[in-house]
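*Asks:* I would like to see how this sequence folds:
(3 chains)
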Amino acid sequence: MAGPGQPQAIDAALGELYPDADCELDFTSPLELLVATVLSAQSTDRRVNAVTPALFARYPDAAAYAGADVAELEALITPTGFFRAKAGHLIGIGAALDERFDGAVPGTLADLVTLPGVGRKTANVVLGNAFDVPGLTPDTHFIRLANRFGWVASTKPDAVEQAVGELFPPEDWVQLSHRVIWHGRRRCHARRPACGVCPLEGLCPSYGEGPTDPAVAATLVREPRG
DNA sequence: ATCCCGAGGG
DNA sequence: CCCTCTGGAT
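*Replies:* Alright, predicted model coming up:
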């Protein structure tokens, strides 16, 4: 089997490259992680972590979000982008948690995706990092790299989650997601993958499709905390 | 200019 | 499938 290569070997190599790969959002409860993850949509961890301390202090529980003043909430989350949609989502989440989940964040995929602003990707982040429920996170990076690695040809999140899930045991899914996503953000970019500073030569079917001169590739690496 | 660990709506 | 929503970093 030439195409998929050895998934375990790729995961191991990424584990050596990113030994500290984890969720970069700051949170101390499932609700905080849920809120931070909703704010992360098309944003960055740095910008989210910059606003969450004040946000969490102002809105300590679901009821606080449900009763929030829209303008005040929008002002607090403005730097994360898409603030109007996100503010509406957070207020809707607060109301939904109070009405249907006794004020607590539900710990199942089926329940989480019924919340406004929460899709499959956001739900899996919350499940994997706040509830220790095994789950893959098929975001844009994960899908792109799963395609490049030859693990699956489809670009649809459901198909990617299914196919990759069969290549790895559930206990690996959360860590695998973080490693693959970190690699997508730091080296294996959409437009110019930095193959020259990637350890997957001989393992990745797409190796060499980006700059392979180490000096050039090094200029493309995005360091952490961005 | 281009991208960001997306989601909702048409 | 398409489109829109947003500010910030590079």
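*Asks:* need the longest helix for chain A.
*Replies:* helix A:83-100 (DSSP state H).
*Asks:* show residues contacting that helix.
*Replies:* The contact list for helix A:83-100, computed with Cβ atoms under 8 Å, 6 or more residues apart in numbering, reads A:31, A:34-35, A:38-39, A:41, A:59, A:62-68, A:70, A:73-74, A:77, A:80, A:103-105, A:114-118. For glycine as for every other residue, the C-beta is placed from the backbone atoms N, C-alpha and C.
*Asks:* out of those, who's near DNA strand B?
*Replies:* Of the entries in those, the ones placed beside DNA strand B under the rule of Cβ under 7 Å from any atom of the strand are A:41, A:116-118.
*Asks:* out of those, which are buried?
*Replies:* By neighbour count, with 16 or more other Cβ atoms under 10 Å, these hold A:41, A:117-118 as buried.
*Asks:* any chance of the residues you listed in CSV, plus pLDDT, secondary structure and distance to A:T137?
*Replies:* Putting those into CSV (pLDDT from 0 to 100; DSSP: H, G, I helix; E, B strand; the rest coil; distance: Cβ to Cβ, whole Å) gives the following:
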residue, pLDDT, secondary structure, distance to A:T137
A:A41, 95, coil, 13
A:G117, 96, coil, 16
A:V118, 96, coil, 13
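*Asks:* drop anything exposed from the contacts of helix A:83-100.
*Replies:* Restricting the contacts of helix A:83-100 to buried positions leaves A:31, A:34-35, A:38-39, A:41, A:59, A:62, A:65-66, A:68, A:73-74, A:77, A:80, A:105, A:115, A:117-118, with burial counted as 16+ other Cβ under 10 Å.
*Asks:* for chain A, give me the ranges with low pLDDT.
*Replies:* Low-confidence regions of chain A, defined by pLDDT under 70, span residues A:1-5, A:224-226.
*Asks:* how is it partitioned into domains?
*Replies:* As assigned by automatic domain parsing, chain A contains the domains A:7-20+A:136-218, A:30-130.
*Asks:* now the strands for chain A?
*Replies:* Read by DSSP state E, chain A holds no strands at all.
*Asks:* what residues does it have near DNA strand C?
*Replies:* Remark: the part of chain A in contact with DNA strand C comprises A:42-44, A:46-47, A:78-79, A:81-85, A:226, using Cβ under 7 Å from any atom of the strand.
*Asks:* A:G135: how many residues sit nearby?
*Replies:* 22 (other Cβ atoms under 10 Å).
*Asks:* repeat for A:L145
*Replies:* Neighbour count of A:L145, defined by other Cβ under 10 Å: 25.
*Asks:* give me the subset of the buried ones among the contacts of helix A:83-100 lying in helices.
*Replies:* Taking DSSP H, the ones among those that sit in helices are A:31, A:34-35, A:38-39, A:62, A:65-66, A:73-74, A:77.
*Asks:* quick one: A:T80 from A:S43, how far?
*Replies:* 4 Å (Cβ to Cβ, to the nearest Å).
*Asks:* likewise A:L34?
*Replies:* 15 Å.
*Asks:* which ones are touching A:R186?
*Replies:* Taking Cβ under 8 Å, 6+ apart as the definition of contact, the neighbours of A:R186 are A:18, A:221-224.
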